[in-house]
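Engineer: Sequence first, predicted coordinates after that:
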Amino acid sequence: MTSDRYMKGLREFKKHFGKAAVAYLQPLEEIYPKFAQVNMEFPFGDLYADHKSLDARTRELVALAALTVLGTLPQMNAHIKAALRCGATETEILEVITQMTAYCGFPLATNALLEAGKAFKEFDDMPKK
């Protein structure tokens, strides 16, 4: 059964990830549907959908800061594209990554910067919605 919270999260997720949302979510649903459900309900249904506190652009920049420090490049790539879709500029994204050097060091920040370059190129090739 699909909850209202799941549907709210899915709508928000699609705003951030556009056409890539289905491709990102499908393998999670195939491997473990409960994980996909939790992923839609909690971060996207509860946190990302709350536009009273932070807008989508700011939430994506915050996510990029955390992902840079964690060194999670596949998720970083997806969230860089989401940040662009939500109105962040390439310069803002690069500044967030650069600032994280103080918290995670040059190796992780360098990897994130290289991933940003890759994501920018891929995003340019994606049809805009």
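Structural biologist: All right, it came through fine.
Engineer: In the protein, what residue spans correspond to strands?
Structural biologist: Taking DSSP state E as the test, none of the chain falls into strands.
Engineer: Look up how far residue 34 lies from the residue nearest the centre of it.
Structural biologist: Averaging the C-alpha coordinates of the chain gives a centre point, and the residue nearest to it by Cα atoms, centre = their mean is residue 79 (2.5 Å). Counting by Cβ to Cβ, to the nearest Å, the separation of residue 79 from residue 34 is 23 Å. Placement of C-beta: from N, CA and C, glycine included.
Engineer: again with residue 83
Structural biologist: 28 Å.
Engineer: More neighbours: those two, which one.
Structural biologist: Legend: neighbour count by other Cβ atoms under 10 Å for residue 83 and residue 34, higher for residue 83 (28 against 9).
Engineer: who's in contact with the residue lying closest to the more buried one once chain neighbours are set aside?
Structural biologist: If you skip the residues right next to it in sequence, residue 83 has residue 60 as its closest partner in space, 3.7 Å away by Cβ to Cβ, 6 or more residues apart in numbering. Applying Cβ atoms under 8 Å, 6 or more residues apart in numbering to residue 60 gives the contacts 16, 79, 82-83, 86, 88.
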